[in-house]
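Colleague: Okay, sequence plus prediction incoming.
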Amino acid sequence: QVQLVESGGGLVQAGDSLRLSCVASGRTFSIGTMGWFRQAPGKERDFISAIRWSGGMTYYADSVKGRFTISKDNAKNTVYLQTNSLKPEDTAVYYCAAKMGAFRYNYYSDSTYDYWGQGTQVTVDS
């Protein structure tokens, strides 16, 4: 079992930045990939970014490329999502997720992931 706890969300103005954190606990030695997704009201959950736990290769959705940066601190079992130049359309609940075992190239699919956090709300006011 792996437990994930997100933090760092909030209410900001357009153009502002937030750094989201996700702390993993439990069987973290088995984590292969960490991902960030978001879900806006009335919409499906969308992929934002992923990072390989070993090696650190990163992947981004086109909608956030150049504005968001994923990173990790293995010693702290924490993955971060730095969100810059926020827009009102970035408003959503942001979730982190963990995939156990080997990396899979369908990292953008939420069905790939085994564990999910409870989410943190990001609201961007225009």
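Modeller: Cool, the structure landed. Everything numeric here is computed off the predicted structure, so don't read it as measured data.
Colleague: Check the model's average confidence along stretch 34-50 for me.
Modeller: The pLDDT scores in stretch 34-50 average 97.
Colleague: Now do the buried residues in it.
Modeller: Within stretch 34-50, the residues that count as buried by 16 or more other Cβ atoms under 10 Å are 34-38, 45-50. Just so you know, the C-beta spots here come from the backbone N, C-alpha and C atoms, and that holds for glycine as well.
Colleague: between these, which is closest to residue 25?
Modeller: Nearest to residue 25, judged by Cβ to Cβ, of those is residue 34 at 13.2 Å.
Colleague: pretty sure the closest one contacts residue 48?
Modeller: No - the criterion here is Cβ atoms under 8 Å, and residue 34 misses it with residue 48 at 11.5 Å.
Colleague: With residue 55 as the reference, measure out to the residue most central in space within the chain.
Modeller: Nearest to the geometric centre of the chain sits residue 36, at 2.0 Å (Cα atoms, centre = their mean). Plainly put, residue 36 is 18 Å away from residue 55 if you go by Cβ to Cβ, to the nearest Å.
Colleague: for residue 126, same thing?
Modeller: From residue 126 over to residue 55 the distance is 39 Å, taken as Cβ to Cβ.
Colleague: now swap in residue 61 and tell me
Modeller: The spacing between residue 61 and residue 55, counted by Cβ to Cβ, is 20 Å.
Colleague: Looking at those two, which one has more neighbours?
Modeller: The residue with more neighbours, out of residue 61 and residue 55, is residue 61; 16 against 8, by other Cβ atoms under 10 Å.
Colleague: quick one, strands of the protein?
Modeller: Ranges of strands in the chain, per DSSP state E, are 2-7, 10-13, 18-26, 31-39, 45-52, 58-60, 68-73, 78-83, 92-100, 115-116, 120-125.
Colleague: got a list of what residue 54 touches?
Modeller: By Cβ atoms under 8 Å, 6 or more residues apart in numbering, the residues touching residue 54 are residue 32.
Colleague: Can you report phi and psi for it?
Modeller: Per-residue torsions, residue 54: phi -110, psi 120 (degrees, to the nearest 10).
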